[in-house]
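Engineer: what follows is a predicted structure for the sequence shown.
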Amino acid sequence: MNVEMFEGADTLAAQEHFGEAEKKWYKSDYDTEMQLVKFNGSELSLEHESKLISLVDAYLINQSLDPISYPTAGAGYNSNSWTQSLIEHAGGKVRENMKGLDIFHNRRIPETYFTPVCPSKPRVKLN
């Protein structure tokens, strides 16, 4: 499961959320839902930001060595479970079930995928 930025959609979603782009009821849009993430009961700090970046960096390397297949019809680990796993492994807490279709938001990718050294054996096999 590769992490890819979807810059065009992300930009439009932010513009819709902050009122710079008009939403139309008859056209598909991005309905951004903002959630406050708490880290050990406190607001995001530079330390938490660094932790998140480190976890993403490690994930990119580890998943390139042992890829997690993106599931057919969302029945497995997907972008929702990835996001929730990242937040949880960084020590954060956010409401899990968001608006809209976020199937398998409660599945967690094992923490070994987010650690700097993720040995290929004995790694938890997800595929």
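Structural biologist: Great, that's in hand. Numbering: from 1, shown residues only.

Engineer: output stretch 54-62 as CSV - backbone C-alpha positions only.
Structural biologist: Once non-C-alpha atoms are left out, stretch 54-62 reads as follows in CSV (Å, rounded to 0.1, in the frame of the first residue of the first chain):
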residue,chain,number,x,y,z
SER,A,54,9.8,9.7,11.4
LEU,A,55,7.0,7.1,11.4
VAL,A,56,6.0,8.0,7.8
ASP,A,57,9.7,7.8,6.6
ALA,A,58,10.1,4.4,8.2
TYR,A,59,6.8,3.2,6.7
LEU,A,60,7.8,4.2,3.2
ILE,A,61,11.0,2.1,3.5
ASN,A,62,9.4,-0.9,5.2
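
Engineer: other residues contacting that stretch?
Structural biologist: Stretch 54-62 is touched from outside by 3, 86, 89-90, 109, 112-116, 118, with contacts defined as CB atoms under 8 Å, 6 or more residues apart in numbering. All C-beta spots, glycine's among them, are computed from the backbone N, C-alpha and C.

Engineer: list the buried residues for the longest helix along the chain?
Structural biologist: When the chain is parsed with DSSP state H, its longest helix is helix 46-65. Using 16 or more other CB atoms under 10 Å as the burial criterion, the residues of helix 46-65 that qualify are 48, 51-52, 55, 58-59, 62-63.
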